[in-house]
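Trainee: Sequence first, then the predicted structure:
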Amino acid sequence: MAAASLESLRDYGDISVALTFFDRFLGNLDPWHTPAEPSDGGEPATWDLSAANQIEEWFLTESVETLQRVLGTAGMKITGVKPSSVEVVVVSLDGKQARPATKLELHKAILALERGLKSIFADPESFNKRAVSAAKASLSSITRLLSTQYKSLEALKSFKMKNLPLWDSNVTGLSATDMGLIVAYTGFMTSASEGIVTMPNFTQWDPESEFVTFCLKNVPEKNRSVPRLFRHMYLNCIRAPCHEAIHCAQHILGQKMTTQVAEHDAYYSCNILTQAISLEKEMQGIAYPGLNPELMLMGLSRMTEKLSRVDKKKWNFNVYHKWRDSFGIDSKCWNGKNFGSSGSLNDSMEFLAGPLLTLEACAPSGKHYENHQMGKLVADIVKTMFVSRDAATHPDAKLDERAKRKLVDCGKIEVKAPEMLRLNNLKFQDRLKSLLAPIGKLRGAAIVQKLDPMFKPKGEESDGKR
């Protein structure tokens, strides 16, 4: 297997898609983890697609051409194991002979891809340049999309993306961790009054930095990978501006709201808006086929990990459902203001409730949204979150002396969401069950045909599962 060919890849999307694909042959569903070397490394590496879930099916459907091209450059291809099976095997071409790749070979391929990531994100300075470029393009695209939908949001176009200032412990006397600001310094924030969205300053993110240490603290040491962390952060540079653009719009329209209301709308919208802008010409070269299902697969993995660590005395799904279904306005959720936080971001339920909502919002019916639905979806989001709660036109808006303009208290306005945006038809656990359900042999076989059009299974009987 030409691992060197994979290591020489320099397209971020190609590497990310190949990593997602190869990981599944080794049972690695956590995109933050480098899988351990398999104990049965000599065995052929296969993936039974009948057991794949609908998001993996979406990923394979979107990225099939990328996978065929990338694997082809490394002397590999994708085919079926045997005519009666819907498993997939990667084969290594040795002259005219084709043989199944082993699990150990795929593990080496994964390590080669990680080295490729390390090369394109050569150092914190060069990674920061790529990250800023992606974040600026995303912010520009989403602000243009929202302002096109609602002219009162025209001011969104003036918002700028900016790195946070370098953290200088010599000045502060303490690290960002000791100051309680590490969460802020590893994420995106909006300073609406200044017209800016801030992002991490990756120039300080060397492997031993407190920023990298914080982000990898829940990853077992044997599985830690700085290239994979940078992969995640780069994806966040595409998605996070869509979250922050919602906060920018809330400010522009004079929406007065608690954190629980403001964050509901931002977490609800961010993946949907990312999918919408990924179709825009402005995002060519940054977005790529497979991006949106990768974001959902990453969300599924992080959600599972976070739920396993949450303090069961603090977390209550009934409270979460009230927050979710009321669009954040139910005052009986946590402390009715800031996700149960006592003042520190570290004990806020936001960082569990928010990602759960992001995941659910992508599949209200239990099935993920398709690209052709984006136009209607974005229009419904804008109408529900902005047009109906614009202080300039809302009858309950009042002049705020401190702000010196009209504000509307969104915490007192019941949200009348269109059916397409409602999530109250399913509990979280039921929606998750639908997302994770195996697609079955019939759909699995159809994906095999897309991955390898020359593979023609014979005598296969469908089990009738969809």
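Mentor: Received, thanks.
Trainee: My understanding was that residue 162 contacts residue 196; is that so?
Mentor: Yes. Taking contacts as CB atoms under 8 Å, residue 162 lies within contact range of residue 196: 4.9 Å. C-beta: built from backbone N, CA, C; applies to glycine.
Trainee: Point to the residue nearest the middle of the chain.
Mentor: For the chain, residue 295 is the residue whose C-alpha lies nearest the centre (CA atoms, centre = their mean; 3.1 Å).
Trainee: Could you tell me what pLDDT the model assigned to that residue?
Mentor: In the prediction, the pLDDT value recorded for residue 295 is 97.
Trainee: For it, which non-adjacent residue is closest in space?
Mentor: Distance criterion CB to CB, 6 or more residues apart in numbering; nearest residue to residue 295, sequence neighbours excluded, is residue 271 at 5.8 Å.
Trainee: ok, now residue 107?
Mentor: Among residues not flanking residue 107 along the chain, residue 37 sits closest, at 5.5 Å (CB to CB, 6+ apart).
Trainee: CA atoms of stretch 135-145 as CSV?
Mentor: Only the C-alpha atoms of stretch 135-145 are listed here, as CSV (Å, rounded to 0.1, in the frame of the first residue of the first chain):
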residue,chain,number,x,y,z
ALA,A,135,-13.6,31.7,9.0
LYS,A,136,-13.7,35.0,7.0
ALA,A,137,-15.1,33.2,4.0
SER,A,138,-17.8,31.5,6.1
LEU,A,139,-18.8,34.7,7.9
SER,A,140,-18.9,36.6,4.6
SER,A,141,-21.1,33.9,3.0
ILE,A,142,-23.5,33.5,5.9
THR,A,143,-24.0,37.3,6.5
ARG,A,144,-24.7,37.7,2.8
LEU,A,145,-27.2,34.9,2.8
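Trainee: can you give me the strands for the chain?
Mentor: Under the criterion DSSP state E, strands of the chain are mapped to 46-48, 76-80, 87-94, 97-100, 160-163, 189-191, 196-199, 255-256, 398-400, 405-409.
Trainee: Stretch 43-54: how far from the chain's middle?
Mentor: Put simply, stretch 43-54 sits 23 Å off its chain's centre (CA atoms, centre = their mean, to the nearest Å).
Trainee: Going by neighbour count, which residues of that stretch are buried?
Mentor: 44-47, 49-50, 52-54 (16 or more other CB atoms under 10 Å).
Trainee: distance between the ends of it?
Mentor: This stretch, stretch 43-54, spans 27 Å end to end (CA to CA, to the nearest Å).
Trainee: what do you get for stretch 360-376?
Mentor: The straight-line separation of the ends of stretch 360-376 (CA to CA) is 18 Å.
Trainee: what's near enough to touch residue 315?
Mentor: 307, 349, 352 (CB atoms under 8 Å, 6 or more residues apart in numbering).
Trainee: and with 7 Å instead?
Mentor: Going by CB atoms under 7 Å, 6 or more residues apart in numbering, residue 315 touches 349, 352.
Trainee: swap in residue 120?
Mentor: With contact set as CB under 7 Å, 6+ apart, residue 120 has these partners: 10, 12.
Trainee: And it, how far from residue 323?
Mentor: 40 Å (CB to CB, to the nearest Å).
Trainee: Residue 450 now?
Mentor: Distance, residue 450 to residue 323, using CB to CB: 40 Å.
Trainee: swap in residue 395?
Mentor: Residue 395 sits 26 Å away from residue 323, going by CB to CB.
Trainee: When residue 450 and residue 323 are compared, which one has more neighbours?
Mentor: A count of neighbours by other CB atoms under 10 Å puts residue 323 above the other of residue 450 and residue 323, at 24 against 13.
Trainee: So that one versus residue 66, what's the distance?
Mentor: Counting by CB to CB, the gap from residue 323 to residue 66 is 38 Å.
Trainee: surely residue 253 meets residue 388?
Mentor: No. Look at residue 253 against residue 388 with CB atoms under 7 Å: they stay out of range, at 10.3 Å.
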